[in-house]
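Enquirer: got a sequence here, can you model it:
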Amino acid sequence: MVQMAFYGLGSMLGAGIYGLIGKAAGEMGNAIWLAFLVSMVAAMLTGLSYASIASRYPKAAGAAYVTQRAYRQSMLTYVVGLAVMCSGLTSVATQSRVVAANLQQLTFLDGVPVTLIALGFLLLLAGIVFRGIRECMWLNIVCTTVEAFGLILVIAVGMSYWGSTDLLETPPPTDGGVGGITALLLMQGAVLTFFSFIGFEDTLNVAEEVKNPRKVLPWGIILAMVAATLIYIAVSITAVSVVPWQELSSAAGPLTEVVVRAAPWFPPVAFLAITIFAVTNTALLNYVTASRLAYGMAQQGLLPRFLRKVHSTRRTPHMAVLVLLALITGLALMGDITQLASATVLLLLLVFAIVNSALVILKLRPGEPTGGFEVPVFVPVMGAIVCSVLLVNRFVTGDWQAPLIAAGILGGILGLYALMRPEHVEEDDLAAVQQAEPAE
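Expert: Numbers count the residues shown, from 1 in each chain. Prediction:
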């Protein structure tokens, strides 16, 4: 349970909070902590749904498996599975370049092209994922500990500043709008900070490699989300207490700026290392998720069957790991793919809405097995509504670049589905084609 909590926490903490806090300050002023609180409530609804799903159906395909079981439409299952996978792949590609850019600041790598460093990082990451889930878990624990230390350091060195600022101060209204904390402001802030909680869904995709998943997975998700919320709120209060929100919003490295001001004795290179660990952890967990998702979808006949192969000694889906390495490398070579990565977040909100709705269907369907962690039906209903509202809110902002990219990705997935015509596997037949991958 502790390892799964670290896994989920590492997925959520990742690189997001290290850069997100500045953007959130620009939206919310000193009231960032309120945005995190609201987005936590929104994310917890979907998190509880995922916890219930994990206790009912601990399958490697995660969201794709539940979608297939509820709707029994292989095309929808295909879209959901590949949408999640695309999000993971673009994230890993983006993070590889972030790590490379940070490593390039070190003296011995000065002058080495960012792309070359990124490719070396991806090869190392693929080797770890191929090695086994246990190695990934232990590296996740190390990275999560380091990145959590970085956030705790921010809190520790800046806690003495608490109480020195008005935590309800917000940016002045524009165009004669209403000032102060309004429902619209909270919604905008929640949309932004909601993405810092994304990552809890990754736990479903390692379900077949966890001992006693019906008990361990739900509590791992819940503990991770509670811990992340407490850390986010404390960090946000500290950040605006040490650095005025106006300056925080324009800082290149918001948390680095907080540490520089509150603890000038702390070596800047050390915080650089912490940032690298944070980004590496997110990339690692996204890679694990994508490879297990590809394996699980191959088990259901929705991807080529060779992706379901498991290495004879390492007991990992080695073919999925290799194929995804090629795809991630291609994305990394594209250079700046920030917009592509942003667009995949929209796909995740769509997936969350579909998965919440799927749980509603399964809870109301007679004969469906119950799990060790059940939630009232209003939880997935509210989860689906909240995710849909956040998705629509993103569209009405007027910035159509990311939505158009997301639409293009969906079109590509549908085109691939039409080209491959994947085999439809009924739920009763899944057990027959399963090749269990034992926990290490």
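Enquirer: rest of the way, CA atoms for contacts and neighbours
Expert: Noted.
Enquirer: residue 162 touches residue 237, doesn't it?
Expert: Yes. The pair residue 162 / residue 237 is scored as a contact, 7.3 Å apart, by Cα atoms under 8 Å.
Enquirer: among these two, which residue is more densely surrounded?
Expert: residue 237 (23 against 17; other Cα atoms under 10 Å).
Enquirer: flag every buried residue along stretch 224-239.
Expert: The neighbour-count check on stretch 224-239 (16 or more other Cα atoms under 10 Å) flags 224-225, 228-229, 231-239 as buried.
Enquirer: next step: those residues restricted to helices.
Expert: 224-225, 228-229, 231-239 (DSSP state H).
Enquirer: pLDDT and distance to residue 368 for these - can I get that in JSON lines?
Expert: Putting those into JSON lines (pLDDT from 0 to 100; distance: Cα to Cα, whole Å) gives the following:
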{"residue": "224", "pLDDT": "86", "distance to residue 368": "28"}
{"residue": "225", "pLDDT": "86", "distance to residue 368": "27"}
{"residue": "228", "pLDDT": "87", "distance to residue 368": "32"}
{"residue": "229", "pLDDT": "88", "distance to residue 368": "33"}
{"residue": "231", "pLDDT": "89", "distance to residue 368": "37"}
{"residue": "232", "pLDDT": "89", "distance to residue 368": "37"}
{"residue": "233", "pLDDT": "91", "distance to residue 368": "39"}
{"residue": "234", "pLDDT": "93", "distance to residue 368": "41"}
{"residue": "235", "pLDDT": "92", "distance to residue 368": "42"}
{"residue": "236", "pLDDT": "92", "distance to residue 368": "43"}
{"residue": "237", "pLDDT": "94", "distance to residue 368": "45"}
{"residue": "238", "pLDDT": "95", "distance to residue 368": "47"}
{"residue": "239", "pLDDT": "93", "distance to residue 368": "47"}
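Enquirer: ok, the residues you listed vs residue 321, which is closest?
Expert: Checking those against residue 321 by Cα to Cα gives residue 224 as the nearest, at 26.2 Å.
Enquirer: doesn't residue 8 make contact with the closest one?
Expert: Yes. The criterion here is Cα under 8 Å, and residue 224 meets it with residue 8 at 5.5 Å.
Enquirer: could you dump the host helix or strand of residue 122 to PDB, C-alpha only?
Expert: Per DSSP states H and E: residue 122 is located in helix 114-131. Extracted as PDB, the C-alpha positions of helix 114-131 are listed here (Å, rounded to 0.1, in the frame of the first residue of the first chain):
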ATOM      1  CA  VAL A 114      19.600  18.900 -26.100                       C
ATOM      2  CA  THR A 115      18.200  16.300 -28.500                       C
ATOM      3  CA  LEU A 116      21.200  14.000 -28.000                       C
ATOM      4  CA  ILE A 117      20.800  14.200 -24.200                       C
ATOM      5  CA  ALA A 118      17.100  13.600 -24.500                       C
ATOM      6  CA  LEU A 119      17.600  10.500 -26.600                       C
ATOM      7  CA  GLY A 120      20.200   9.200 -24.100                       C
ATOM      8  CA  PHE A 121      17.700   9.800 -21.300                       C
ATOM      9  CA  LEU A 122      14.900   7.900 -23.100                       C
ATOM     10  CA  LEU A 123      17.200   4.900 -23.700                       C
ATOM     11  CA  LEU A 124      18.000   4.800 -20.000                       C
ATOM     12  CA  LEU A 125      14.300   5.200 -19.100                       C
ATOM     13  CA  ALA A 126      13.300   2.400 -21.500                       C
ATOM     14  CA  GLY A 127      16.000   0.100 -19.900                       C
ATOM     15  CA  ILE A 128      14.600   0.700 -16.400                       C
ATOM     16  CA  VAL A 129      11.000   0.000 -17.600                       C
ATOM     17  CA  PHE A 130      12.100  -3.100 -19.300                       C
ATOM     18  CA  ARG A 131      14.000  -4.300 -16.200                       C
END
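Enquirer: helix or strand right after that helix?
Expert: Sequence-wise, the next helix or strand downstream of helix 114-131 (DSSP H and E) is helix 133-158.
Enquirer: now for that next one, which elements pack on it?
Expert: Here helix 133-158 touches helix 2-13, helix 114-131, helix 213-242, helix 254-262, helix 268-299, going by 3 or more Cα pairs under 8 Å, 6 or more residues apart in numbering; DSSP states H and E.
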